[in-house]
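Chemist: Kindly generate the corresponding structure for this input.
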Amino acid sequence: MSTKKDATRADIYTRITETIVEELAAGVRPWMKPWSAGNIDGRITRPLRHNGQPYSGMNVLLLWSEQMSRGFSSPMWMTFKQALELGAAVRKGETGSTVVFASRFTKSEADGNGGEIDREIPFLKAYTVFNIEQIDGLPDHYHHRPEPVLDPVARIDLADRFFRNTGSVVHHGGNQAYYAPGPDLIQMPAFETFKDPASYYAVLGHEHVHWTAEKNRVGRDLSRYARDKSERAREELIAELGSCFLCADLGLVPELEPRPDHASYLQSWLTVLASDKRAIFQAAAHAQRAVAFLHDLQSNPEGEQLAA
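Modeler: Next up is the predicted model:
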């Protein structure tokens, strides 16, 4: 019985990873889909649960991809049961979308000395959700939810305040963007060199995700970043995903063209994902923790609503 369950869990990792690998091989970064589908109004958000709470981590990537490929304009999703509880019903013939739930359970095992030890075992469970555009009979407010829309100036002010509240040290100059662990500072090209303000803040967000790696913050090991191509690719994937999460949270619509230094990681990402079916899940989880840490640094004096 456990063998069948293990195979099912492994199949979830494999199935999702293979889909992402196919898109990367075609030159498409699936996490950038929301910004490449003609969202001219800039109202890009994380996918939302039926209660308005944002999804996080891997589920953001999964539902962004589903929303774009299937043409849904609403970011809200719910299970079949949740729809029924609201007096609604999924339309006949509609197919759902996969999301995942990661957790752990404790299992007692013999320790070899006549005793027992408890071991925590991670598991991944997949379940199905439907976009609200696949559901009939929902209360009207699900289809007419008020969406706060910031004008461009207010949106940039919000982003500027967000990164300033982190307390990071940011220097400007030169033509490269990077995080330097030794002096613990972020180096950015001058603001004026970017195509638009949103592009500047997208790159700044990327570097801030790197910045969270210090052990007194989130704590990711960057000791092998400079000499291990695979480790560098994994960390860059975390930072790229984290930047996308931040752009959605801050309402930013950046320039879509990848930075030259990060476009070069495409083959490395393909290699990593092909050899490790859990790599994209781990990267999304690390990105989520990094972004949550940055949100936690906000004093939020004016009550801005930022998804964590």
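
Chemist: Going by C-alpha atoms from here, please, whenever you check contacts or count neighbours.
Modeler: Fine.

Chemist: pLDDT weak spots in the stretch 201-308 of the chain?
Modeler: Counting by pLDDT under 70, the stretch 201-308 of the chain has low-confidence residues at 255-263, 300-308.

Chemist: how about 90 then?
Modeler: With pLDDT under 90 as the threshold, the stretch 201-308 of the chain has low-confidence stretches at 222-230, 251-268, 271, 274, 299-308.

Chemist: ditto for the stretch 51-200 of the chain
Modeler: When residues are selected by pLDDT under 90, those of the stretch 51-200 of the chain lie in 68-69, 71, 73, 101-126, 140-158, 195-196, 198.

Chemist: quick one: the strands in this protein?
Modeler: Counting by DSSP state E, residue ranges of the strands within the chain are 77-78, 89-90, 97-110, 116-131, 135-136, 170-172, 178-180, 185-188.

Chemist: Show me the domain layout of the chain.
Modeler: Here the domain parsing of the chain from automatic domain parsing is 44-147, 149-300.

Chemist: Need these in CSV (columns: distance to residue 31).
Modeler: What follows is these, written out as CSV (distance: least, C-alpha to C-alpha, whole Å):
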stretch, distance to residue 31
domain 44-147, 6
domain 149-300, 7
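
Chemist: Ok, which of the ones you listed comes nearest residue 29?
Modeler: domain 149-300 (8.8 Å; C-alpha to C-alpha).

Chemist: how deep is residue 161 tucked in, by neighbour count?
Modeler: The criterion is other C-alpha atoms under 10 Å. On that basis, residue 161 has 14 neighbouring residues.

Chemist: ok, it to residue 297 distance?
Modeler: 11 Å (C-alpha to C-alpha, to the nearest Å).

Chemist: same thing with residue 95?
Modeler: Using C-alpha to C-alpha, residue 95 is found at 40 Å from residue 297.

Chemist: what residues are up against the closest residue to residue 287 other than its chain neighbours?
Modeler: Nearest residue to residue 287 in three dimensions, chain neighbours excluded: residue 242, at 4.6 Å (C-alpha to C-alpha, 6 or more residues apart in numbering). Contacts for residue 242 were tallied using C-alpha atoms under 8 Å, 6 or more residues apart in numbering; they are 205, 206, 209, 284, 287, 288, 290, 291.

Chemist: want to try a markdown table for those residues, with neighbour count as columns?
Modeler: As requested, the contacts of residue 242 are exported to a markdown table (neighbours: other C-alpha atoms under 10 Å):
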| residue | neighbour count |
| --- | --- |
| 205 | 25 |
| 206 | 25 |
| 209 | 29 |
| 284 | 24 |
| 287 | 29 |
| 288 | 23 |
| 290 | 26 |
| 291 | 27 |
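
Chemist: Out of those, which is nearest to residue 134?
Modeler: Within the contacts of residue 242, the smallest distance to residue 134 is 27.1 Å, found for residue 284 (C-alpha to C-alpha).

Chemist: So for that closest one, what's the nearest residue that isn't a sequence neighbour?
Modeler: Residue 284 sits nearest to residue 57 (C-alpha to C-alpha, 6+ apart), 4.8 Å away.

Chemist: What is the burial count for that neighbour?
Modeler: Residue 57 has 22 neighbours, counted by other C-alpha under 10 Å.

Chemist: Against residue 175, how distant is it?
Modeler: Distance check for residue 57 against residue 175: by C-alpha to C-alpha, it reads 31 Å.

Chemist: Can you measure across stretch 206-217, start residue to end residue?
Modeler: One end of stretch 206-217 to the other measures 16 Å (C-alpha to C-alpha).

Chemist: how far out from the middle of the chain is that stretch?
Modeler: In terms of C-alpha atoms, centre = their mean, to the nearest Å, the gap separating the centre of stretch 206-217 from the centre of its chain is 16 Å.

Chemist: again, but for stretch 167-176
Modeler: Averaged C-alpha coordinates place stretch 167-176 at 24 Å from its chain's average position (C-alpha atoms, centre = their mean).

Chemist: CA atoms only for it - export them in CSV, please.
Modeler: What follows is stretch 167-176, C-alpha atoms only, in CSV (Å, rounded to 0.1, in the frame of the first residue of the first chain):
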residue,chain,number,x,y,z
GLY,A,167,16.7,48.1,5.8
SER,A,168,19.0,46.8,3.1
VAL,A,169,22.0,48.7,1.8
VAL,A,170,21.7,49.5,-1.9
HIS,A,171,24.4,51.1,-3.9
HIS,A,172,24.0,52.5,-7.4
GLY,A,173,26.5,52.6,-10.3
GLY,A,174,28.0,50.5,-13.0
ASN,A,175,26.0,48.2,-15.4
GLN,A,176,25.5,45.1,-13.2
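
Chemist: contacting residues around it?
Modeler: Everything outside stretch 167-176 that qualifies as a contact, by C-alpha under 8 Å, 6+ apart, is 184, 185, 186, 187, 188, 189, 190.

Chemist: could you flag which of the residues you listed are buried?
Modeler: 185, 186, 187, 188, 189 (16 or more other C-alpha atoms under 10 Å).
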